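Colleague: With the sequence up front, the predicted model follows.
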Amino acid sequence: MPVAGRALRNSPDDVVALTEQQVRDRLPKGEQLVISIGRDDLAGHDDDELTRLVESTDGGVIVVGVTYDRQNSVRVYDQSCPECGSSTATLLGPADQHVAPEFRSQANLYQCAECGTAWDA
């Protein structure tokens, strides 16, 4: 879901957070991953289609969400959510092709069970 740059510049509210919540509310129930992608997030990536999509927001962001079903979720105890600080996290999996090759063996993707934020470490 695109969030126009003018909405970000003119709204007193956190439009991105509100849009992320709208996306979460529209997704089927289950484990969800919702992310916002802005121009700064694309630095170093060569995805022309995604770049064009983000640029079409005129300084805004694209909010993307998915619902998925993992059969065997793995609870981890050595991670803290960068958004809410919760230590209730699950391992989503190892790093994939979107992580620089030299870091793939060291990085994993985690998700907060409290707020749904995902991060790599």
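Modeller: Here it is on my side, so go on. Here the structure is a predicted model, which is why all the values come from computation and not from measurement.

Colleague: where do the strands sit along this protein?
Modeller: For the chain, the strands defined by DSSP state E occupy 2-3, 31-38, 61-68, 74-76, 89-94, 108-112, 118-120.

Colleague: hey, which of these is tucked in deepest?
Modeller: Of all the strands of the chain, strand 108-112 has the most neighbours on average by mean count of other CB atoms under 10 Å, namely a mean of 20. Every C-beta, even on glycine, is put in place using the N, C-alpha and C of the backbone.

Colleague: If we go by neighbour counts, what in the longest helix seen in the chain is buried?
Modeller: Selection of the longest helix in the chain by residue count, based on DSSP state H, yields helix 15-26. Residues of helix 15-26 classed as buried: Val15, Val16, Thr19, Glu20, Val23 (neighbour count, 16 or more other CB atoms under 10 Å).

Colleague: what's that helix packed up against?
Modeller: Packing partners of helix 15-26 (3 or more CB pairs under 8 Å, 6 or more residues apart in numbering; DSSP states H and E): strand 2-3, helix 5-10, strand 31-38, strand 61-68.
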